[in-house]
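[1] here is a sequence with its predicted model. Questions after.
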Protein chains: 2
Amino acid sequence: MSDSKKISYEVIKRLPRYYRYLGDLRKNNIVRISSKELSEKMNVTASQIRQDLNCFGGSGQKGYGYNVESLYKSICEILGLERGHKTVIIGAGNLGKALVLYKSFERRGFILTGVFDNDEAKIGTFIGEHVILNINTLPDFIAKHKPDIGIIAVPKEKAGEIALLLSQNGVKGLVNFSYTDLSMLKDVEVENVHISDSLMTLSYRIKDK
Amino acid sequence: MSDSKKISYEVIKRLPRYYRYLGDLRKNNIVRISSKELSEKMNVTASQIRQDLNCFGGSGQKGYGYNVESLYKSICEILGLERGHKTVIIGAGNLGKALVLYKSFERRGFILTGVFDNDEAKIGTFIGEHVILNINTLPDFIAKHKPDIGIIAVPKEKAGEIALLLSQNGVKGLVNFSYTDLSMLKDVEVENVHISDSLMTLSYRIKDK
DNA sequence: TAGATTGTTAATCGATTAACAATC
DNA sequence: TAGATTGTTAATCGATTAACAATC
(Lines give C-alpha, C1' and ligand atoms only; values in the text may rest on other atoms or scores of the structure.)
Protein backbone atom coordinates (compact mmCIF):
# COMPACT_ATOMS: atom_id res chain seq x y z
CA MET A 1 0.00 0.00 0.00
CA SER A 2 2.98 2.28 0.54
CA ASP A 3 3.53 4.23 -2.63
CA SER A 4 6.03 6.34 -0.74
CA LYS A 5 9.43 4.79 -1.59
CA LYS A 6 11.04 6.42 -4.55
CA ILE A 7 11.15 4.11 -7.54
CA SER A 8 14.46 4.26 -9.35
CA TYR A 9 14.60 4.98 -13.06
CA GLU A 10 16.31 1.60 -13.48
CA VAL A 11 13.20 -0.14 -12.23
CA ILE A 12 10.82 2.00 -14.26
CA LYS A 13 12.71 1.21 -17.43
CA ARG A 14 12.26 -2.50 -16.76
CA LEU A 15 8.50 -2.30 -16.29
CA PRO A 16 7.59 -2.25 -19.98
CA ARG A 17 9.59 -5.43 -20.41
CA TYR A 18 7.70 -7.16 -17.62
CA TYR A 19 4.52 -5.89 -19.18
CA ARG A 20 5.46 -7.43 -22.51
CA TYR A 21 6.29 -10.84 -21.04
CA LEU A 22 3.16 -10.89 -18.92
CA GLY A 23 1.12 -9.95 -21.98
CA ASP A 24 2.52 -12.97 -23.79
CA LEU A 25 1.83 -15.30 -20.87
CA ARG A 26 -1.67 -13.94 -20.64
CA LYS A 27 -2.31 -14.55 -24.33
CA ASN A 28 -1.19 -18.13 -23.80
CA ASN A 29 -3.72 -18.48 -20.99
CA ILE A 30 -1.11 -18.99 -18.32
CA VAL A 31 -2.67 -18.18 -14.97
CA ARG A 32 0.19 -18.11 -12.50
CA ILE A 33 3.95 -17.67 -12.62
CA SER A 34 6.70 -17.67 -10.02
CA SER A 35 9.57 -15.21 -9.96
CA LYS A 36 11.84 -18.18 -10.70
CA GLU A 37 10.02 -19.22 -13.86
CA LEU A 38 9.75 -15.65 -15.08
CA SER A 39 13.44 -15.05 -14.35
CA GLU A 40 14.36 -17.96 -16.60
CA LYS A 41 12.24 -16.66 -19.46
CA MET A 42 13.52 -13.11 -19.13
CA ASN A 43 17.09 -13.96 -18.33
CA VAL A 44 17.31 -11.92 -15.13
CA THR A 45 17.50 -12.98 -11.48
CA ALA A 46 14.41 -14.01 -9.57
CA SER A 47 15.61 -11.77 -6.78
CA GLN A 48 15.52 -8.74 -9.02
CA ILE A 49 12.01 -9.52 -10.15
CA ARG A 50 10.77 -9.78 -6.58
CA GLN A 51 12.52 -6.58 -5.61
CA ASP A 52 11.15 -4.73 -8.61
CA LEU A 53 7.57 -5.86 -8.20
CA ASN A 54 7.69 -5.12 -4.52
CA CYS A 55 8.31 -1.45 -5.18
CA PHE A 56 4.60 -1.29 -5.89
CA GLY A 57 3.27 -3.29 -2.99
CA GLY A 58 3.08 -7.08 -2.81
CA SER A 59 1.28 -8.33 -5.83
CA GLY A 60 2.44 -11.90 -5.25
CA GLN A 61 1.32 -14.59 -2.91
CA LYS A 62 3.67 -16.64 -0.76
CA GLY A 63 3.91 -20.26 -1.81
CA TYR A 64 2.00 -19.57 -5.02
CA GLY A 65 3.71 -16.90 -7.09
CA TYR A 66 2.06 -14.18 -9.10
CA ASN A 67 -1.30 -14.19 -10.80
CA VAL A 68 -0.52 -13.28 -14.40
CA GLU A 69 -3.72 -11.41 -15.13
CA SER A 70 -3.71 -9.32 -12.02
CA LEU A 71 0.00 -8.53 -12.23
CA TYR A 72 -0.46 -7.54 -15.87
CA LYS A 73 -3.23 -5.19 -14.90
CA SER A 74 -1.23 -3.76 -12.00
CA ILE A 75 1.69 -2.91 -14.23
CA CYS A 76 -0.65 -1.40 -16.79
CA GLU A 77 -2.02 0.81 -14.06
CA ILE A 78 1.38 1.66 -12.58
CA LEU A 79 2.58 2.75 -16.00
CA GLY A 80 -0.57 4.80 -16.41
CA LEU A 81 -1.46 3.12 -19.69
CA GLU A 82 -5.16 2.81 -18.95
CA ARG A 83 -5.50 6.59 -19.15
CA GLY A 84 -5.41 6.72 -22.93
CA HIS A 85 -2.73 9.37 -23.39
CA LYS A 86 -3.35 11.76 -26.21
CA THR A 87 -0.34 12.37 -28.42
CA VAL A 88 0.70 14.76 -31.14
CA ILE A 89 3.43 14.14 -33.68
CA ILE A 90 5.50 17.06 -34.84
CA GLY A 91 7.25 16.54 -38.14
CA ALA A 92 5.76 14.74 -41.12
CA GLY A 93 9.01 13.62 -42.70
CA ASN A 94 9.91 9.99 -43.24
CA LEU A 95 10.11 9.12 -39.58
CA GLY A 96 7.03 11.13 -38.63
CA LYS A 97 5.09 9.41 -41.38
CA ALA A 98 6.19 5.99 -40.14
CA LEU A 99 5.16 6.87 -36.60
CA VAL A 100 1.73 8.08 -37.74
CA LEU A 101 1.16 4.83 -39.56
CA TYR A 102 2.47 2.69 -36.72
CA LYS A 103 -0.76 1.24 -35.42
CA SER A 104 0.71 -0.46 -32.38
CA PHE A 105 0.84 2.70 -30.28
CA GLU A 106 -2.94 2.86 -30.30
CA ARG A 107 -3.14 -0.74 -29.19
CA ARG A 108 -1.11 0.24 -26.14
CA GLY A 109 -3.29 3.16 -25.20
CA PHE A 110 -1.69 6.08 -27.00
CA ILE A 111 -4.13 8.00 -29.11
CA LEU A 112 -2.77 10.15 -31.91
CA THR A 113 -4.76 13.35 -32.05
CA GLY A 114 -2.76 15.55 -34.40
CA VAL A 115 0.12 15.66 -36.87
CA PHE A 116 1.95 18.92 -37.54
CA ASP A 117 4.51 20.28 -39.98
CA ASN A 118 5.72 23.65 -41.17
CA ASP A 119 6.00 22.71 -44.85
CA GLU A 120 3.25 24.43 -46.89
CA ALA A 121 3.44 21.65 -49.45
CA LYS A 122 2.57 19.04 -46.83
CA ILE A 123 -0.03 20.93 -44.80
CA GLY A 124 -3.52 19.75 -45.71
CA THR A 125 -2.35 16.45 -47.21
CA PHE A 126 -3.07 13.13 -45.53
CA ILE A 127 -1.02 10.39 -43.92
CA GLY A 128 -3.46 7.54 -43.63
CA GLU A 129 -6.50 9.15 -42.07
CA HIS A 130 -4.55 11.99 -40.47
CA VAL A 131 -4.42 15.39 -42.12
CA ILE A 132 -1.21 17.33 -41.64
CA LEU A 133 -1.85 20.53 -39.71
CA ASN A 134 0.01 23.83 -39.74
CA ILE A 135 2.52 24.09 -36.93
CA ASN A 136 1.23 27.62 -36.30
CA THR A 137 -2.06 26.19 -35.13
CA LEU A 138 -0.39 24.00 -32.49
CA PRO A 139 -1.01 26.26 -29.46
CA ASP A 140 -4.73 26.48 -30.25
CA PHE A 141 -4.86 22.77 -30.88
CA ILE A 142 -3.23 21.99 -27.54
CA ALA A 143 -5.54 24.37 -25.71
CA LYS A 144 -8.51 22.60 -27.23
CA HIS A 145 -7.49 18.94 -27.20
CA LYS A 146 -5.05 18.84 -24.25
CA PRO A 147 -2.62 16.21 -25.47
CA ASP A 148 -0.22 14.80 -22.83
CA ILE A 149 2.61 13.70 -25.02
CA GLY A 150 4.47 15.28 -27.92
CA ILE A 151 6.52 13.18 -30.30
CA ILE A 152 9.30 15.16 -31.91
CA ALA A 153 10.37 13.99 -35.35
CA VAL A 154 11.86 17.17 -36.78
CA PRO A 155 15.46 17.99 -37.80
CA LYS A 156 17.70 18.73 -34.84
CA GLU A 157 17.90 22.44 -35.65
CA LYS A 158 14.18 22.80 -34.98
CA ALA A 159 13.89 20.40 -32.07
CA GLY A 160 14.66 22.78 -29.21
CA GLU A 161 12.20 25.36 -30.39
CA ILE A 162 9.44 22.77 -30.89
CA ALA A 163 10.12 21.25 -27.48
CA LEU A 164 9.79 24.64 -25.86
CA LEU A 165 6.58 25.36 -27.73
CA LEU A 166 5.08 22.07 -26.60
CA SER A 167 6.09 22.39 -22.98
CA GLN A 168 5.04 26.02 -22.70
CA ASN A 169 1.60 25.04 -23.90
CA GLY A 170 1.24 22.38 -21.26
CA VAL A 171 2.34 19.12 -22.85
CA LYS A 172 3.74 16.96 -20.05
CA GLY A 173 6.09 14.58 -21.82
CA LEU A 174 8.18 14.42 -24.96
CA VAL A 175 9.62 11.59 -26.98
CA ASN A 176 12.53 13.06 -28.86
CA PHE A 177 13.76 11.38 -32.04
CA SER A 178 16.00 14.20 -33.19
CA TYR A 179 19.75 13.95 -32.91
CA THR A 180 20.15 16.35 -30.01
CA ASP A 181 19.52 16.53 -26.27
CA LEU A 182 16.42 18.16 -24.91
CA SER A 183 17.25 17.69 -21.26
CA MET A 184 17.62 21.36 -20.39
CA LEU A 185 13.86 21.83 -20.27
CA LYS A 186 11.99 22.28 -17.02
CA ASP A 187 8.41 21.20 -16.45
CA VAL A 188 8.50 18.47 -19.05
CA GLU A 189 9.74 14.89 -19.01
CA VAL A 190 11.83 13.78 -21.97
CA GLU A 191 12.58 10.33 -23.32
CA ASN A 192 15.21 10.31 -26.03
CA VAL A 193 15.18 7.73 -28.78
CA HIS A 194 18.51 8.17 -30.47
CA ILE A 195 18.64 5.50 -33.13
CA SER A 196 22.08 6.62 -34.24
CA ASP A 197 23.39 6.09 -30.73
CA SER A 198 22.21 2.49 -30.78
CA LEU A 199 24.04 1.92 -34.04
CA MET A 200 27.22 3.42 -32.63
CA THR A 201 27.04 1.35 -29.47
CA LEU A 202 26.53 -1.70 -31.62
CA SER A 203 29.51 -0.72 -33.73
CA TYR A 204 31.69 -0.79 -30.62
CA ARG A 205 30.31 -4.11 -29.49
CA ILE A 206 31.05 -5.89 -32.75
CA LYS A 207 34.60 -4.54 -33.03
CA ASP A 208 36.39 -7.72 -31.96
CA LYS A 209 34.22 -10.23 -33.75
CA MET B 1 47.87 2.48 -23.82
CA SER B 2 46.28 -0.29 -21.81
CA ASP B 3 43.19 -1.48 -23.65
CA SER B 4 42.96 -4.31 -21.15
CA LYS B 5 40.44 -3.11 -18.53
CA LYS B 6 36.93 -4.13 -19.30
CA ILE B 7 34.77 -1.19 -20.31
CA SER B 8 31.33 -1.30 -18.76
CA TYR B 9 28.22 -1.12 -20.89
CA GLU B 10 27.28 2.04 -18.98
CA VAL B 11 30.35 3.79 -20.31
CA ILE B 12 29.92 2.51 -23.83
CA LYS B 13 26.37 3.81 -23.94
CA ARG B 14 27.64 7.24 -23.01
CA LEU B 15 30.24 7.43 -25.77
CA PRO B 16 27.85 8.39 -28.58
CA ARG B 17 26.71 11.31 -26.47
CA TYR B 18 30.26 12.54 -25.95
CA TYR B 19 30.78 12.10 -29.66
CA ARG B 20 27.78 14.26 -30.41
CA TYR B 21 28.85 17.09 -28.11
CA LEU B 22 32.42 17.00 -29.38
CA GLY B 23 31.12 17.08 -32.93
CA ASP B 24 29.21 20.28 -32.11
CA LEU B 25 32.23 21.89 -30.44
CA ARG B 26 34.34 20.94 -33.41
CA LYS B 27 31.89 22.52 -35.83
CA ASN B 28 32.08 25.71 -33.79
CA ASN B 29 35.86 25.68 -34.12
CA ILE B 30 36.47 25.17 -30.44
CA VAL B 31 39.93 23.74 -29.99
CA ARG B 32 40.17 22.71 -26.36
CA ILE B 33 37.75 21.88 -23.56
CA SER B 34 38.15 20.91 -19.93
CA SER B 35 36.17 18.19 -18.22
CA LYS B 36 34.60 20.93 -16.12
CA GLU B 37 33.32 22.94 -19.08
CA LEU B 38 32.08 19.83 -20.84
CA SER B 39 30.38 18.63 -17.68
CA GLU B 40 28.39 21.86 -17.51
CA LYS B 41 27.25 21.56 -21.10
CA MET B 42 26.31 17.90 -20.76
CA ASN B 43 24.89 18.08 -17.28
CA VAL B 44 27.05 15.31 -15.82
CA THR B 45 29.95 15.44 -13.36
CA ALA B 46 33.45 16.35 -14.48
CA SER B 47 34.66 13.36 -12.53
CA GLN B 48 32.56 11.00 -14.58
CA ILE B 49 33.86 12.46 -17.80
CA ARG B 50 37.46 11.99 -16.70
CA GLN B 51 36.79 8.45 -15.55
CA ASP B 52 35.01 7.58 -18.77
CA LEU B 53 37.61 9.01 -21.09
CA ASN B 54 40.36 7.38 -19.13
CA CYS B 55 39.02 3.93 -19.88
CA PHE B 56 40.66 4.41 -23.23
CA GLY B 57 44.02 5.80 -22.18
CA GLY B 58 44.70 9.40 -21.31
CA SER B 59 43.56 11.58 -24.14
CA GLY B 60 43.76 14.72 -22.02
CA GLN B 61 46.62 16.88 -20.93
CA LYS B 62 47.17 18.05 -17.37
CA GLY B 63 46.61 21.76 -16.89
CA TYR B 64 45.17 22.09 -20.40
CA GLY B 65 42.17 19.82 -20.83
CA TYR B 66 41.24 17.90 -23.93
CA ASN B 67 41.91 18.74 -27.53
CA VAL B 68 38.50 18.66 -29.16
CA GLU B 69 39.60 17.42 -32.55
CA SER B 70 41.80 14.63 -31.30
CA LEU B 71 39.30 13.48 -28.69
CA TYR B 72 36.58 13.48 -31.33
CA LYS B 73 38.72 11.31 -33.55
CA SER B 74 39.64 8.99 -30.70
CA ILE B 75 36.03 8.35 -29.84
CA CYS B 76 35.23 7.82 -33.50
CA GLU B 77 37.93 5.17 -33.59
CA ILE B 78 36.95 3.60 -30.28
CA LEU B 79 33.39 3.23 -31.51
CA GLY B 80 34.69 1.74 -34.74
CA LEU B 81 32.85 4.27 -36.87
CA GLU B 82 35.70 4.83 -39.30
CA ARG B 83 35.28 1.31 -40.60
CA GLY B 84 32.23 2.08 -42.68
CA HIS B 85 29.93 -0.68 -41.48
CA LYS B 86 27.77 -2.21 -44.14
CA THR B 87 24.15 -2.62 -43.15
CA VAL B 88 21.07 -4.37 -44.44
CA ILE B 89 17.51 -3.49 -43.54
CA ILE B 90 14.98 -6.28 -43.28
CA GLY B 91 11.38 -5.21 -43.65
CA ALA B 92 10.14 -2.54 -46.04
CA GLY B 93 7.08 -1.49 -44.09
CA ASN B 94 6.57 2.03 -42.79
CA LEU B 95 9.45 1.95 -40.38
CA GLY B 96 11.80 0.15 -42.76
CA LYS B 97 11.01 2.72 -45.41
CA ALA B 98 11.75 5.59 -43.02
CA LEU B 99 15.05 3.98 -42.06
CA VAL B 100 16.06 3.51 -45.70
CA LEU B 101 15.37 7.18 -46.38
CA TYR B 102 17.09 8.36 -43.22
CA LYS B 103 20.25 9.83 -44.70
CA SER B 104 21.97 10.56 -41.41
CA PHE B 105 23.15 6.99 -40.93
CA GLU B 106 25.39 7.31 -43.94
CA ARG B 107 26.84 10.53 -42.63
CA ARG B 108 27.91 8.60 -39.52
CA GLY B 109 29.59 5.82 -41.44
CA PHE B 110 26.86 3.26 -41.87
CA ILE B 111 26.42 2.21 -45.47
CA LEU B 112 23.12 0.67 -46.47
CA THR B 113 23.81 -2.12 -48.93
CA GLY B 114 20.47 -3.91 -49.20
CA VAL B 115 16.78 -3.78 -48.33
CA PHE B 116 14.75 -6.97 -48.06
CA ASP B 117 11.13 -7.98 -47.74
CA ASN B 118 9.04 -11.09 -48.29
CA ASP B 119 6.10 -9.33 -49.91
CA GLU B 120 5.95 -10.13 -53.63
CA ALA B 121 4.13 -6.86 -54.25
CA LYS B 122 7.04 -4.88 -52.83
CA ILE B 123 9.96 -6.87 -54.22
CA GLY B 124 11.49 -5.07 -57.19
CA THR B 125 10.01 -1.70 -56.32
CA PHE B 126 12.17 1.16 -55.12
CA ILE B 127 12.54 3.15 -51.93
CA GLY B 128 14.59 6.13 -52.98
CA GLU B 129 17.46 4.57 -54.89
CA HIS B 130 17.21 1.21 -53.16
CA VAL B 131 15.42 -1.67 -54.82
CA ILE B 132 13.62 -4.06 -52.48
CA LEU B 133 15.13 -7.51 -52.68
CA ASN B 134 13.58 -10.89 -52.05
CA ILE B 135 14.27 -12.15 -48.55
CA ASN B 136 15.10 -15.55 -50.07
CA THR B 137 18.19 -14.06 -51.65
CA LEU B 138 19.53 -12.80 -48.32
CA PRO B 139 22.02 -15.63 -47.66
CA ASP B 140 23.60 -15.20 -51.11
CA PHE B 141 23.65 -11.45 -50.65
CA ILE B 142 25.40 -11.72 -47.30
CA ALA B 143 27.94 -14.17 -48.67
CA LYS B 144 28.76 -11.73 -51.44
CA HIS B 145 28.61 -8.33 -49.71
CA LYS B 146 29.47 -9.27 -46.12
CA PRO B 147 27.36 -6.74 -44.22
CA ASP B 148 28.19 -6.35 -40.51
CA ILE B 149 24.89 -5.10 -39.24
CA GLY B 150 21.28 -6.13 -39.77
CA ILE B 151 18.44 -3.80 -38.98
CA ILE B 152 15.25 -5.65 -38.17
CA ALA B 153 12.03 -3.80 -38.98
CA VAL B 154 9.62 -6.71 -39.38
CA PRO B 155 6.56 -7.69 -37.31
CA LYS B 156 7.45 -9.40 -34.05
CA GLU B 157 6.23 -12.79 -35.26
CA LYS B 158 8.96 -12.84 -37.90
CA ALA B 159 11.73 -11.21 -35.91
CA GLY B 160 13.23 -14.30 -34.30
CA GLU B 161 13.45 -16.18 -37.54
CA ILE B 162 15.04 -13.22 -39.35
CA ALA B 163 17.52 -12.67 -36.54
CA LEU B 164 18.57 -16.30 -36.70
CA LEU B 165 18.94 -16.14 -40.47
CA LEU B 166 21.13 -13.06 -40.22
CA SER B 167 23.35 -14.39 -37.46
CA GLN B 168 23.76 -17.80 -39.03
CA ASN B 169 24.98 -16.14 -42.18
CA GLY B 170 27.63 -14.20 -40.32
CA VAL B 171 26.10 -10.81 -39.56
CA LYS B 172 27.74 -9.59 -36.34
CA GLY B 173 25.24 -7.16 -34.90
CA LEU B 174 21.51 -6.50 -34.98
CA VAL B 175 19.39 -3.47 -34.29
CA ASN B 176 15.98 -4.76 -33.39
CA PHE B 177 12.93 -2.53 -33.79
CA SER B 178 10.34 -5.24 -33.36
CA TYR B 179 8.33 -5.54 -30.17
CA THR B 180 10.09 -8.60 -28.82
CA ASP B 181 13.40 -9.61 -27.26
CA LEU B 182 16.14 -11.13 -29.35
CA SER B 183 18.57 -11.65 -26.52
CA MET B 184 18.62 -15.41 -26.64
CA LEU B 185 20.90 -15.47 -29.66
CA LYS B 186 24.53 -16.47 -29.44
CA ASP B 187 27.27 -15.12 -31.68
CA VAL B 188 25.49 -11.88 -32.39
CA GLU B 189 25.21 -8.60 -30.51
CA VAL B 190 21.76 -7.06 -30.26
CA GLU B 191 20.66 -3.51 -29.56
CA ASN B 192 16.95 -3.16 -29.01
CA VAL B 193 15.10 0.01 -29.95
CA HIS B 194 11.71 -0.42 -28.37
CA ILE B 195 9.87 2.78 -29.12
CA SER B 196 6.78 1.55 -27.29
CA ASP B 197 8.85 1.04 -24.15
CA SER B 198 9.97 4.66 -24.23
CA LEU B 199 6.37 5.78 -24.49
CA MET B 200 5.38 3.61 -21.55
CA THR B 201 8.25 4.85 -19.40
CA LEU B 202 7.23 8.37 -20.28
CA SER B 203 3.65 7.57 -19.36
CA TYR B 204 4.80 6.60 -15.87
CA ARG B 205 6.94 9.69 -15.50
CA ILE B 206 4.13 12.12 -16.32
CA LYS B 207 1.61 10.48 -14.00
CA ASP B 208 1.78 13.03 -11.22
CA LYS B 209 1.99 16.16 -13.30
C1' DT C 1 1.47 -30.98 7.40
C1' DA C 2 5.23 -30.41 3.91
C1' DG C 3 6.57 -27.82 -0.05
C1' DA C 4 6.78 -23.71 -2.47
C1' DT C 5 7.59 -19.14 -2.93
C1' DT C 6 7.06 -14.61 -1.48
C1' DG C 7 8.56 -10.15 0.91
C1' DT C 8 12.32 -8.20 2.96
C1' DT C 9 16.69 -7.70 5.27
C1' DA C 10 21.57 -8.16 4.86
C1' DA C 11 25.71 -8.82 1.93
C1' DT C 12 27.92 -7.93 -2.23
C1' DC C 13 29.07 -5.75 -6.10
C1' DG C 14 29.75 -2.03 -9.23
C1' DA C 15 29.22 2.65 -10.59
C1' DT C 16 29.55 7.44 -9.35
C1' DT C 17 31.64 11.11 -6.95
C1' DA C 18 35.23 13.34 -4.27
C1' DA C 19 39.82 14.35 -3.44
C1' DC C 20 44.39 15.28 -4.50
C1' DA C 21 49.16 14.40 -6.06
C1' DA C 22 51.26 14.78 -10.49
C1' DT C 23 52.40 17.78 -14.06
C1' DC C 24 51.63 20.66 -18.09
C1' DT D 1 56.68 30.15 -11.06
C1' DA D 2 51.60 29.98 -10.19
C1' DG D 3 47.37 28.27 -11.96
C1' DA D 4 44.81 24.90 -14.15
C1' DT D 5 43.39 20.51 -14.88
C1' DT D 6 44.27 15.84 -15.58
C1' DG D 7 44.73 10.79 -14.14
C1' DT D 8 43.87 7.97 -10.49
C1' DT D 9 43.04 6.41 -5.85
C1' DA D 10 39.82 6.33 -2.13
C1' DA D 11 35.08 7.16 -0.33
C1' DT D 12 30.38 7.05 -1.16
C1' DC D 13 26.34 5.75 -2.95
C1' DG D 14 22.99 2.87 -5.05
C1' DA D 15 21.67 -1.26 -7.38
C1' DT D 16 21.86 -6.20 -7.57
C1' DT D 17 22.08 -10.58 -5.47
C1' DA D 18 21.77 -13.83 -1.67
C1' DA D 19 19.55 -15.56 2.19
C1' DC D 20 15.86 -16.77 4.99
C1' DA D 21 11.85 -16.13 8.09
C1' DA D 22 7.03 -15.69 7.16
C1' DT D 23 3.15 -17.82 5.30
C1' DC D 24 0.07 -19.55 1.77
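    Nice, thanks for sending it over.

[2] which residue ranges of chain A form strands?
    Taking DSSP state E, the strands of chain A run over residues A:32-33, A:60-61, A:65-67, A:85-90, A:110-117, A:126-127, A:130-134, A:149-152, A:173-176, A:189-192.

[3] would JSON lines of the ones you listed with mean neighbour count, mean pLDDT and distance to residue A:11 be doable?
    Just so you know, the C-beta spots here come from the backbone N, C-alpha and C atoms, and that holds for glycine as well. Output for those, formatted as JSON lines (neighbours: other C-beta atoms under 10 Å in any protein chain shown; pLDDT from 0 to 100; distance: least, C-beta to C-beta, whole Å):
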{"stretch": "strand A:32-33", "mean neighbour count": "18", "mean pLDDT": "97", "distance to residue A:11": "19"}
{"stretch": "strand A:60-61", "mean neighbour count": "15", "mean pLDDT": "92", "distance to residue A:11": "16"}
{"stretch": "strand A:65-67", "mean neighbour count": "19", "mean pLDDT": "97", "distance to residue A:11": "16"}
{"stretch": "strand A:85-90", "mean neighbour count": "24", "mean pLDDT": "98", "distance to residue A:11": "21"}
{"stretch": "strand A:110-117", "mean neighbour count": "21", "mean pLDDT": "97", "distance to residue A:11": "22"}
{"stretch": "strand A:126-127", "mean neighbour count": "15", "mean pLDDT": "98", "distance to residue A:11": "36"}
{"stretch": "strand A:130-134", "mean neighbour count": "17", "mean pLDDT": "98", "distance to residue A:11": "35"}
{"stretch": "strand A:149-152", "mean neighbour count": "28", "mean pLDDT": "98", "distance to residue A:11": "21"}
{"stretch": "strand A:173-176", "mean neighbour count": "25", "mean pLDDT": "97", "distance to residue A:11": "18"}
{"stretch": "strand A:189-192", "mean neighbour count": "20", "mean pLDDT": "96", "distance to residue A:11": "16"}
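
[4] of all those, which lies closest to DNA strand D?
    With C-beta to the nearest atom of the strand, the closest approach to DNA strand D among those belongs to strand A:60-61: 5.1 Å.

[5] partner strands of the closest one and their direction?
    If you go by DSSP bridges, strand A:60-61 pairs up with strand A:65-67 (antiparallel).

[6] what sits up against the strand it pairs with?
    A:31, A:32, A:33, A:34, A:35, A:37, A:38, A:53, A:59, A:60, A:61 (C-beta atoms under 8 Å, 6 or more residues apart in numbering or on different chains).

[7] and these as CSV, adding distance to DNA strand D?
    Listed next are the contacts of strand A:65-67 as CSV, based on distance: C-beta to the nearest atom of the strand, whole Å:
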residue, distance to DNA strand D
A:31, 15
A:32, 12
A:33, 16
A:34, 12
A:35, 9
A:37, 15
A:38, 13
A:53, 11
A:59, 13
A:60, 10
A:61, 5
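
[8] export those to JSON lines and tack on distance to residue B:15?
    Converted to JSON lines, these look like this (distance: C-beta to C-beta, whole Å):
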{"residue": "A:31", "distance to residue B:15": "45"}
{"residue": "A:32", "distance to residue B:15": "43"}
{"residue": "A:33", "distance to residue B:15": "37"}
{"residue": "A:34", "distance to residue B:15": "39"}
{"residue": "A:35", "distance to residue B:15": "34"}
{"residue": "A:37", "distance to residue B:15": "37"}
{"residue": "A:38", "distance to residue B:15": "33"}
{"residue": "A:53", "distance to residue B:15": "33"}
{"residue": "A:59", "distance to residue B:15": "38"}
{"residue": "A:60", "distance to residue B:15": "39"}
{"residue": "A:61", "distance to residue B:15": "44"}
